[in-house]
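Peer 1: From the sequence below, what's the structure:
(chains A and B)
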Protein chains: 2
Amino acid sequence: MKSWIVTTGNEILDGVVKNTNAEYLTKRLNELGFTVMGIQVVRDELEAIERAVRLGLDSADIVIISGGLGSTDDDITREAVASLLGRKLYIDRPFADKVFDRYKRKFGARVPRSVEKFALMIEGAKTYFGDEALVPAQVIETEGKLLVLLPGPPSELVPLFEKVFNEHPTFSQHTSAYAQRTFKFANVPESVVEESLRDVLKDVEYSTTLDYFVGPTIRIKVKQNRGDQLERIEEVIHERFPEDFFGTDETSLEEVTVKLLEKRGLTLSIAESCTGGNVSAILVKVSGLSRVYKGAVVGYNRKVKETLLHVSQSTIDKHDVVSELVAAEMAENVRKILQSDIGASVTGVAGPDRGDSRKEVGTVCFAISDSHGCRTFTENIRGDRRTVVQRASYRLLDLIRRHVLLTEGG
Amino acid sequence: MKSWIVTTGNEILDGVVKNTNAEYLTKRLNELGFTVMGIQVVRDELEAIERAVRLGLDSADIVIISGGLGSTDDDITREAVASLLGRKLYIDRPFADKVFDRYKRKFGARVPRSVEKFALMIEGAKTYFGDEALVPAQVIETEGKLLVLLPGPPSELVPLFEKVFNEHPTFSQHTSAYAQRTFKFANVPESVVEESLRDVLKDVEYSTTLDYFVGPTIRIKVKQNRGDQLERIEEVIHERFPEDFFGTDETSLEEVTVKLLEKRGLTLSIAESCTGGNVSAILVKVSGLSRVYKGAVVGYNRKVKETLLHVSQSTIDKHDVVSELVAAEMAENVRKILQSDIGASVTGVAGPDRGDSRKEVGTVCFAISDSHGCRTFTENIRGDRRTVVQRASYRLLDLIRRHVLLTEGG
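Peer 2: Residues are numbered from 1 along each chain as shown, chains lettered A, B, ... in the order given. Next comes the predicted model:
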């Protein structure tokens, strides 16, 4: 089934806010198996919205419109759609009363008359009310096609979109026909994954993407009635990529790493140089981290490596501040000082200048230390300063994950 | 003047890549004083592109189309535009020869015949060649309006867009008529800024935006012939907001902070708890940081605060790990341990659970220490885990900036 997205809002066209609604809808529609034929962003103007919806109805089976359902003068999506389809508008009296009540409780006695507009409905529309949203989603059937009106604020749009797609028969029938799963890999080339899985992929619909900092992902779509096909595919992938394959769907590399540490009962500490706290900041996005994570020492300056991490001056002088030996001392010492099971470190040249190092820009050394010993790695990462920092950060997280994966539970 | 953006590309509609070209063009067109009337994303299909360009020509004076200028079968933007306007296509022979040559030098003797397509021009188009791009931008005048075709890869689109806008008379005449500047503020309400500047703003075109983590910005547009009006406005803003106003245009809070430290000859170190390295990671985006920045201790775990930062157990027990007294000890000790002029710290409850603290989720304490003493602050930050971490991080950076601003040079 073909879909079309219209988002209204001058603030997007004025470059003030990003079009996160279009991004969300595109992602979800694709995940649910709808082809997105087009996206349009238009000003809050009657004629512009009418034109956009007309083009959508001419190009797709489902047109989703976000924004313009509020109570101010420039909220005119309902008027535009009613005018285009030649339908009437009416106030849903019971809902209007509810909105008045809610306003009164929240802001006191004086409720502006304009809030009535929240209850403005298009004749023949099916409505879907959410817990959070002040306005309902409206779904209209016309010309054998579907028009879905959603509110603009992302916190209201997301739950109402999901509600419509779960409850409206057209959508639920369509989506229940397919099942999808995204498989995520770290630090392995896209081509290697695709080549190795050619036999599996030839029978399914799939698309590959590259997360530039982490690695490739494959999204596979199968017919629901093909039973446990996705389970079998996951088993094959797991078998062929026991280490590179790290999770499915919404799982992130940092989440997997934290979960693995918790499962094995291991604690972690980090010593960072060129990444300047970024590895630690990525880990902190995972809630419940405190059970496994001790902390980090960010030695941006050479002195810090010496005073706080006790990296020996002679190692730095002899082997360069960016070297596997310095990385090893950083990892081992941070592990001991912070009394953790695993110590991980990264030191490199993020550029544009080389700082204290004699190495090329993009040279990054890593080390992972535990009570059994220490392993070190060197990589040459291409890109600007931010790219080197991001890639080095995810590389260290992946090295930690691989290390824990192969460690017996404590 | 009204503008319209069309971006082609299935990869955007399939949710595989973000529409960074539309974002860039929206930002630049607004900066250059063109109103963006609409954005359309369409599939690489002849009819879809024709429809989108038609709608653009009906809605605006300038239509910019990105993508579909390559040499593969789905690169059909030139065909679609030629068909819509009833114009012929031809191969620019000298340019085709150049492309063949470049290919031969780069990839060896065998050049696929399809590369000739790079030299496919629309009859009557003005062409603009870039240093990087394999294809030129094409500008076509039709119906008293302008159509601009740009290549899809951002690294080619950006310089060609700038070239067209500098060199084509329609654009250069328009843009030279206006001057713009964006003024950035930290930790002051949007309404306070707008209210205080009402006398200044009444004579100019302006728009306000809120950077959710940092503070409000105001973009002001004036006629070029009004001389040094922007300079005078900047002086007034500086006078009325000597601390809250931190920079213009592309300046970031972290850049300003680093520059101020450098100007005053001061060094900085940081102790982070709930932000987990994020403050440090934001600073690391600024190149040349190493001259002023020593490093950070990330004490995610209470033990780290005790062992590495020497925060006293009794302070934590008596006052809570999230308290101004703990923040003060963290800041003072990190300053002394890392031998820097300024120590800054943050400890708080990012949520969703409270960890070791008895304080409410969102409570964050900060401290700034130097040889003269230590100042502490407490804030209640609303939002989910990521929001609390981001806002707390930028709040600390702003506290550092304000502190350095009022410090005499060393």
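Peer 1: The residue nearest to residue A:127 when sequence neighbours are not counted - how many residues pack around it?
Peer 2: Excluding the flanking residues, the one nearest residue A:127 by Cβ to Cβ, 6 or more residues apart in numbering or on different chains is residue A:136, at 4.1 Å. For the C-beta atoms, the positions are set from N, CA and C on the backbone; glycine is no exception. When neighbours are counted by other Cβ atoms under 10 Å in any protein chain shown, residue A:136 registers 25.
Peer 1: likewise residue A:195?
Peer 2: Neighbours of residue A:195 (other Cβ under 10 Å): 10.
Peer 1: Spit out the contact partners of the residue nearest to residue A:89 when sequence neighbours are not counted.
Peer 2: Sequence neighbours aside, residue A:82 is the residue nearest to residue A:89 in space, at 5.0 Å (criterion: Cβ to Cβ, 6+ apart). Each residue near residue A:82 by Cβ atoms under 8 Å, 6 or more residues apart in numbering or on different chains is listed here: A:88-89, A:122-123.
Peer 1: again, but for residue A:289
Peer 2: The contact partners of residue A:289, taken as Cβ under 8 Å, 6+ apart, are A:258, A:283, B:276, B:300.
Peer 1: And the first one, what's its pLDDT?
Peer 2: To tie it back to what came earlier, the one meant is residue A:258. Listed pLDDT for residue A:258 reads 96.
Peer 1: Please tell me how far the helix or strand hosting it is from the chain's geometric centre.
Peer 2: Take DSSP states H and E as the rule and residue A:258 turns out to sit in helix A:253-264. Averaging C-alpha positions (Cα atoms, centre = their mean, to the nearest Å) puts helix A:253-264 18 Å from its chain's average.
Peer 1: at contact distance from chain B, anything in that helix?
Peer 2: No: for helix A:253-264, no contact with chain B is found by Cβ under 8 Å from any Cβ of the partner chain; the gap never falls below 11.3 Å.
Peer 1: now for that helix, which elements pack on it?
Peer 2: Applying 3 or more Cβ pairs under 8 Å, 6 or more residues apart in numbering or on different chains; DSSP states H and E, one finds that helix A:253-264 contacts strand A:245-248, helix A:278-283, helix A:385-405.
Peer 1: Pull out the buried residues from the shortest one.
Peer 2: Buried positions in strand A:245-248, judged by neighbour count with 16 or more other Cβ atoms under 10 Å in any protein chain shown: A:245-247.
Peer 1: Same question for the longest one.
Peer 2: Buried positions in helix A:385-405, judged by neighbour count with 16+ other Cβ under 10 Å: A:385, A:387-404.
Peer 1: Could you list every helix and strand in contact with it?
Peer 2: helix A:253-264, helix A:278-283, strand A:342-348, strand A:363-370, strand A:373-380.
Peer 1: Just say which of those is most tucked in.
Peer 2: strand A:342-348 (a mean of 29; mean count of other Cβ atoms under 10 Å in any protein chain shown).
Peer 1: that older thread, now render the buried residues of strand A:245-248 as TSV, adding pLDDT.
Peer 2: Converted to TSV, the buried residues of strand A:245-248 look like this (pLDDT from 0 to 100):
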residue	pLDDT
A:245	97
A:246	97
A:247	96
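Peer 1: which one among those gets closest to chain B?
Peer 2: Closest to chain B out of the buried residues of strand A:245-248 is residue A:247 (18.7 Å), distances taken as Cβ to the nearest Cβ.
Peer 1: Isn't that closest one up against residue A:186?
Peer 2: No: using Cβ atoms under 8 Å, residue A:247 makes no contact with residue A:186, being 9.3 Å away.
Peer 1: anything in contact with each of the two?
Peer 2: By the contact definition Cβ under 8 Å, 6+ apart, residue A:247 and residue A:186 are jointly contacted by residue A:253.
Peer 1: In three-state terms, how would the closest residue to residue A:284 other than its chain neighbours be classified?
Peer 2: Of all residues not flanking residue A:284 in the chain, residue B:276 sits nearest, at 3.0 Å (Cβ to Cβ, 6+ apart). Following DSSP: H, G, I helix; E, B strand; the rest coil, the label given to residue B:276 is coil.
Peer 1: Tell me the spacing between the residue in chain A sticking out farthest from the centre and chain B.
Peer 2: Relative to the mean C-alpha coordinate of chain A, counting by Cα atoms, centre = their mean, the farthest residue is residue A:314 (44.0 Å). Separation of residue A:314 from chain B (Cβ to the nearest Cβ, to the nearest Å): 21 Å.
Peer 1: Of all the residues in the helix or strand that residue falls within, which ones are buried?
Peer 2: Under the criterion of DSSP H and E, residue A:314 resides in helix A:313-319. Buried residues in helix A:313-319, counted by 16+ other Cβ under 10 Å: A:315-316.
Peer 1: Pull the residues that contact it.
Peer 2: Here helix A:313-319 makes contact (Cβ under 8 Å, 6+ apart) with A:302, A:305-306, A:323, A:325-326, A:329.
Peer 1: Throw the helices and strands packed on helix A:385-405 into a markdown table and include distance to residue B:62, thanks.
Peer 2: A markdown table is the format used below for the helices and strands packed on helix A:385-405 (distance: least, Cβ to Cβ, whole Å):
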| stretch | distance to residue B:62 |
| --- | --- |
| helix A:253-264 | 43 |
| helix A:278-283 | 40 |
| strand A:342-348 | 45 |
| strand A:363-370 | 45 |
| strand A:373-380 | 44 |
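Peer 1: do you know which of the ones you listed lies nearest residue A:149?
Peer 2: helix A:253-264 (35.0 Å; Cβ to Cβ).
Peer 1: what angle separates the closest one from strand A:342-348?
Peer 2: Orientation of helix A:253-264 against strand A:342-348 (axes from the mean of the first three to the mean of the last three Cα atoms, to 10 degrees) gives an angle of 150 degrees.
Peer 1: Output the helix or strand that helix A:253-264 is followed by as CSV, nothing but the C-alphas.
Peer 2: Sequence-wise, the next helix or strand downstream of helix A:253-264 (DSSP H and E) is strand A:268-272. In CSV, the C-alpha atoms belonging to strand A:268-272 read as follows (Å, rounded to 0.1, in the frame of the first residue of the first chain):
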residue,chain,number,x,y,z
LEU,A,268,33.6,-1.3,34.2
SER,A,269,35.6,1.8,34.3
ILE,A,270,37.0,3.9,31.4
ALA,A,271,40.0,6.1,30.7
GLU,A,272,39.5,8.4,27.8
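Peer 1: what pLDDT, on average, does strand A:268-272 get?
Peer 2: Rounded mean pLDDT across strand A:268-272 is 97.
Peer 1: Check stretch A:349-368 too.
Peer 2: Mean per-residue pLDDT for stretch A:349-368: 90.
Peer 1: Return the set of buried residues in it.
Peer 2: A:349-351, A:355, A:357, A:359, A:361-368.
Peer 1: and what of stretch A:222-240?
Peer 2: For stretch A:222-240, burial by neighbour count (16+ other Cβ under 10 Å) applies to A:222, A:229-230, A:233-234, A:237.
Peer 1: what bits of chain A have low per-residue confidence?
Peer 2: Applying pLDDT under 70 to chain A flags the ranges A:107, A:109, A:132-133, A:227, A:409-410.
Peer 1: cutoff 50 now
Peer 2: Across chain A, the ranges flagged by pLDDT under 50 are A:410.
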